[in-house]
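In: I would like the atomic coordinates for the input below:
(chains A and B)
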Amino acid sequence: NAGVTQTPKFQVLKTGQSMTLQCAQDMNHEYMSWYRQDPGMGLRLIHYSVGAGITDQGEVPNGYNVSRSTTEDFPLRLLSAAPSQTSVYFCASSYTGKSNQPQHFGDGTRLSIL
Amino acid sequence: AQKVTQAQTEISVVEKEDVTLDCVYETRDTTYYLFWYKQPPSGELVFLIRRNSFDEQNEISGRYSWNFQKSTSSFNFTITASQVVDSAVYFCALSDNNDMRFGAGTRLTVKP
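Out: Numbers count the residues shown, from 1 in each chain, chains lettered A, B, ... in the order given. From the prediction side, this is the model:
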């Protein structure tokens, strides 16, 4: 079972470059989300989606865009990368957006912005 | 607003010791869910337990146990007879509606 697949696993960008982090799940989950993990700050929610065609902002959405054209895919776009976006990014999914659902996480993407 | 506090940044114990990881939360909602996740050195996040706000029963799963107390807004996690494989970062999380907030995590090191 693939679960939640994130690509790439590592990426280095220069300031100002754009990039898309890919996330795909094969569990037919309605809810998908993106987090960033920074030292001493835990995971912070960037954007989430409760179903195809529906997205919403989380705690730290600035500098990121998302779209959800299919149930399976939820890409995260950095339009103009900044050093402050250096982080580890996790994509997660759950069966529904109900708050009682545990989330399944991908293995993460380590992103460095120079 | 939601908030989760894990005051213990790092804990180091010797194998076979018991260890408790603290979690204190804040929320205005009466219906909410609490979670614990484990992040081993390999980096993935592993779901451990979920508890809803109406169920204050403690839970035990093998060497793991959880103590949920609404009166003190705490959801503490105890590992009994710790093992080296328990070394990881442990996150407590609070969820209501579609928003999940994580604590900063506690890094547990279990030494042989």
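In: what parts of chain A come near chain B?
Out: Proximity of chain A to chain B (C-beta under 8 Å from any C-beta of the partner chain) is limited to residues A:31, A:33, A:35, A:40-45, A:48, A:50, A:56, A:58-59, A:88, A:90, A:92, A:97, A:99-100, A:102-105, A:107-108. C-beta here means a position set from N, CA and C on the backbone, and glycine is covered the same way.
In: what subset of these is buried?
Out: Among those, those scoring as buried are A:31, A:33, A:35, A:42-45, A:48, A:50, A:58-59, A:88, A:90, A:92, A:97, A:99, A:102-105, A:107-108 (criterion: 16 or more other C-beta atoms under 10 Å in any protein chain shown).
In: just give me the neighbour total for B:Ile60.
Out: Neighbours of B:Ile60 under the rule other C-beta atoms under 10 Å in any protein chain shown: 10.
In: repeat that for A:Lys9.
Out: Applying other C-beta under 10 Å, we find 11 residues neighbouring A:Lys9.
In: what's around the closest residue to it other than its chain neighbours, how many residues?
Out: Of all residues not flanking A:Lys9 in the chain, A:Thr109 sits nearest, at 6.2 Å (C-beta to C-beta, 6 or more residues apart in numbering or on different chains). Using other C-beta under 10 Å, A:Thr109 has 23 neighbouring residues.
In: bridging residues for A:Thr109?
Out: Legend: beta-bridge partners of A:Thr109 under DSSP bridges are A:Tyr89.
In: pLDDT score for it?
Out: pLDDT, A:Thr109: 97.
In: what sits against the nearest residue to B:Glu44 once chain neighbours are set aside?
Out: Distances taken as C-beta to C-beta, 6+ apart put A:Asp107 closest to B:Glu44, at 5.5 Å, once the chain neighbours are dropped. Shown in contact with A:Asp107 (C-beta atoms under 8 Å, 6 or more residues apart in numbering or on different chains): A:Gln6, A:Lys9, B:Gly43, B:Glu44.
In: strand partners of the longest strand belonging to chain B, parallel vs antiparallel please.
Out: The single longest strand within chain B, with elements called by DSSP state E, is strand B:88-96. Using DSSP bridges, the strands paired with strand B:88-96 are strand B:33-39 (antiparallel), strand B:99-102 (antiparallel), strand B:106-111 (antiparallel).
In: give me the mean pLDDT for the second one.
Out: Okay, so that is strand B:99-102. Averaged across strand B:99-102, the pLDDT comes to 86.
In: how about stretch A:68-84?
Out: The average pLDDT within stretch A:68-84 is 96.
In: end-to-end on it?
Out: Terminal residues of stretch A:68-84 lie 25 Å apart, using C-alpha to C-alpha, to the nearest Å.
In: beta partners of A:Phe105?
Out: Here A:Phe105 sits in beta bridges with A:Ala92, going by DSSP bridges.
In: ditto for B:Asp96
Out: B:Asp99.
In: doesn't B:Leu34 make contact with it?
Out: No - if you go by C-beta atoms under 8 Å, B:Asp96 and B:Leu34 don't touch, sitting 10.2 Å apart.
In: those two: who's more crowded?
Out: Just comparing B:Asp96 and B:Leu34: by other C-beta under 10 Å the higher neighbour count belongs to B:Leu34, 22 against 18.
In: pretty sure B:Thr109 contacts B:Thr9?
Out: No - using C-beta under 8 Å as the test, B:Thr109 is too far from B:Thr9 to be in contact (11.7 Å).
In: pick out whichever of those two has more residues nearby.
Out: Taking neighbours as other C-beta under 10 Å, B:Thr109 and B:Thr9 compare with B:Thr109 leading, 14 against 10.
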